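> Fold the following.
(4 chains)
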Number of protein chains: 2
Amino acid sequence: MAHAPAASDGTAIFEQAEHDHAHCVDQALHVAEAICTREGARLTPLRRQVLELVWRSHEPIGAYDVLARLQREVQTDGTDGRPAAPPTVYRALDFLLKHGLVHRIESLNAYVGCAHPQQDHSGQFLICQECGNAAEIEDDTISKAIRDNARRIGFTVDRVTVEVSGRCPRCTGAPHA
Amino acid sequence: MAHAPAASDGTAIFEQAEHDHAHCVDQALHVAEAICTREGARLTPLRRQVLELVWRSHEPIGAYDVLARLQREVQTDGTDGRPAAPPTVYRALDFLLKHGLVHRIESLNAYVGCAHPQQDHSGQFLICQECGNAAEIEDDTISKAIRDNARRIGFTVDRVTVEVSGRCPRCTGAPHA
DNA sequence: TCAGGTAATGTTATAAAGTAACGCATGACT
DNA sequence: AGTCATGCGTTACTTTATAACATTACCTGA
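Residues are numbered from 1 along each chain as shown, chains lettered A, B, ... in the order given. Predicted coordinates:
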């Protein structure tokens, strides 16, 4: 599923509904730290917390949902609940987007943790309409086909959005090759 | 460009900035009539007018812009200016979307007339960040790559969104092969 | 031709998503 | 210590979209 350990061949992407997600989150946070350090960017407590909230969600999460959870974070951990307002969240998300730590799903107005933050890429997503999960794939054939087409026309590519809605194998019950 | 006569090889898509767009619009409306008749759908005056407004715009147009123009349509033609409210426009757009007469560009929250309403397809778009034009392409290699990937994972595809932002050849000044 | 249903549109109100603008705080560098 | 940039708080607002209900238009069979 969305945040299963990266499997770039796509095979097991929608498989483990019940994996240890906390572990994924931790790992993602560590990688994020590393990336920010490398890039001289500041992963502040707030940004870190937003990233964590995005990752914790099993499905793409909207900015206002992040906001709501951010405000509730008092009880849970030590972080005192923030008196956050929308700009707070949007700024954090913008930061995370800029550094490739999250992706935005345009067709859902929602955000997901990036599964391969190491590489520079625009995400490609398979989004299940039933369970809501979004699997990030990275298919070179798709990317290449798009780049080729653009080049033929003389179009300079900046950002590529590929979002496929449908049913994941778990939800169709269909076996997959 | 966006509404140039369909060129599915993509070649001349961004070429004619100053073509006779009125002609495109007319043609699109005729085709739309035909399609609706064939499908037993009612292309009411309102829907027709919304479709026309979308087509008249050289760039993807937002629902609220359509609304504004709809309200101004008094002076222009005989159609008395409608006291339209948002739902009016959104309903018309939904109808047009359902029948494949327009596409929605998710990354812009905007709509464009469909260049090949005959065929069933989700659109693929090259969107110029400078001039705002959106060229609809239909590249089988891209579609196929996406379908193949989905099939491999066992994912049932419903709708595919491909949106490429960048610079069109006119705006880069770059020649194209 | 008119009763009754269905589809389309009008109308009001509100929800959801996103941003502008300004000011304070923090901490990084001189 | 001073100052400068960055991050965040806060207020207010814009833009985009929809829910819910009223009304009208249109079609169909008695």
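
> Show me what the top helix by length along chain A is packed against.
Criterion DSSP state H: the longest helix present in chain A is helix A:21-39. Contacts defined by 3 or more Cβ pairs under 8 Å, 6 or more residues apart in numbering or on different chains; DSSP states H and E place helix A:21-39 against helix A:45-56. C-beta: built from backbone N, CA, C; applies to glycine.

> rewinding a little: contacts for the longest helix of chain A, please.
Contact with helix A:21-39 is made by A:3-5, A:41-43, A:48, A:51-52, A:55-56, A:58, A:99-101, A:113, A:117-118, as judged by Cβ atoms under 8 Å, 6 or more residues apart in numbering or on different chains.

> pretty sure residue A:90 contacts residue A:63?
Yes. In this structure, residue A:90 is within contact of residue A:63 by Cβ atoms under 8 Å, at 6.0 Å.

> more neighbours, these two?
residue A:63 (18 against 15; other Cβ atoms under 10 Å in any protein chain shown).

> for chain A, which spans come out with low pLDDT?
Residues of chain A that meet the criterion pLDDT under 70 lie in A:1-13, A:15-18, A:74-81, A:174-177.

> Would the longest strand anywhere in it count as contacting chain B?
Using DSSP state E to define each element, chain A has its longest strand at strand A:156-167. Yes. Judged by Cβ under 8 Å from any Cβ of the partner chain, strand A:156-167 comes into contact with chain B at A:156-167.

> quick check: angle from that strand to strand B:156-167?
Using axes from the mean of the first three to the mean of the last three Cα atoms, to 10 degrees, the inter-axis angle of strand A:156-167 relative to strand B:156-167 is 170 degrees.

> in strand A:156-167, what counts as buried?
Across strand A:156-167, burial judged by 16 or more other Cβ atoms under 10 Å in any protein chain shown covers A:156-157, A:160-167.

> ok, and what's touching it?
Strand A:156-167 is contacted by residues A:105-107, A:122-130, A:142-143, A:146-147, A:150, B:106-107, B:129, B:146, B:150, B:155-167, B:172, B:174 when judged by Cβ under 8 Å, 6+ apart.

> Quickly run through the sheet partners of that strand, with directions.
strand A:124-128 (parallel), strand B:156-167 (antiparallel) (DSSP bridges).

> who in chain A is up against DNA strand D?
Contact residues, chain A versus DNA strand D (Cβ under 7 Å from any atom of the strand): A:41-42, A:44-47, A:82-88, A:91-92, A:95.

> 6 Å instead, please
The interface of chain A toward DNA strand D, taken as Cβ under 6 Å from any atom of the strand, is made up of A:42, A:44, A:46-47, A:82-88, A:91-92.

> Chain B: which of those residues is nearest?
Using Cβ to the nearest Cβ, residue A:86 comes nearest to chain B of the residues of chain A next to DNA strand D, at 17.5 Å.

> Tell me, how many residues neighbour that closest one?
So residue A:86, with other Cβ under 10 Å, has 11 neighbours.

> ok, now which ones touch it?
For residue A:86, the contacting residues are A:63-64, A:67, by Cβ under 8 Å, 6+ apart.

> Out of those residues, which are close to DNA strand C?
A:63-64.

> For DNA strand D, state which of the contacts of residue A:86 is nearest.
Using Cβ to the nearest atom of the strand, the shortest approach to DNA strand D within those belongs to residue A:67, at 10.3 Å.

> That closest one: what secondary structure?
Secondary structure state of residue A:67, per DSSP: H, G, I helix; E, B strand; the rest coil, is helix.

> does residue A:120 really touch residue A:100, like I thought?
Yes. Counting by Cβ under 8 Å, residue A:100 is a contact partner of residue A:120 at 6.6 Å.

> Pick out whichever of the two has more residues nearby.
residue A:100 (19 against 7).

> Got the phi and psi for the nearest residue to the more buried one once chain neighbours are set aside?
Using Cβ to Cβ, 6 or more residues apart in numbering or on different chains and skipping the chain neighbours, the partner closest in space to residue A:100 is residue A:117 (5.2 Å). Dihedral pair for residue A:117: phi -70, psi -10, per degrees, to the nearest 10.

> Quick check: residue A:117 touching residue A:97?
No. Counting by Cβ under 8 Å, residue A:97 is not a contact partner of residue A:117; they are 11.2 Å apart.

> Comparing these two, which residue is more hemmed in?
residue A:117 (20 against 14).

> Give me every residue in chain A lying close to DNA strand C.
A:62-64, A:86-87, A:90, A:109.
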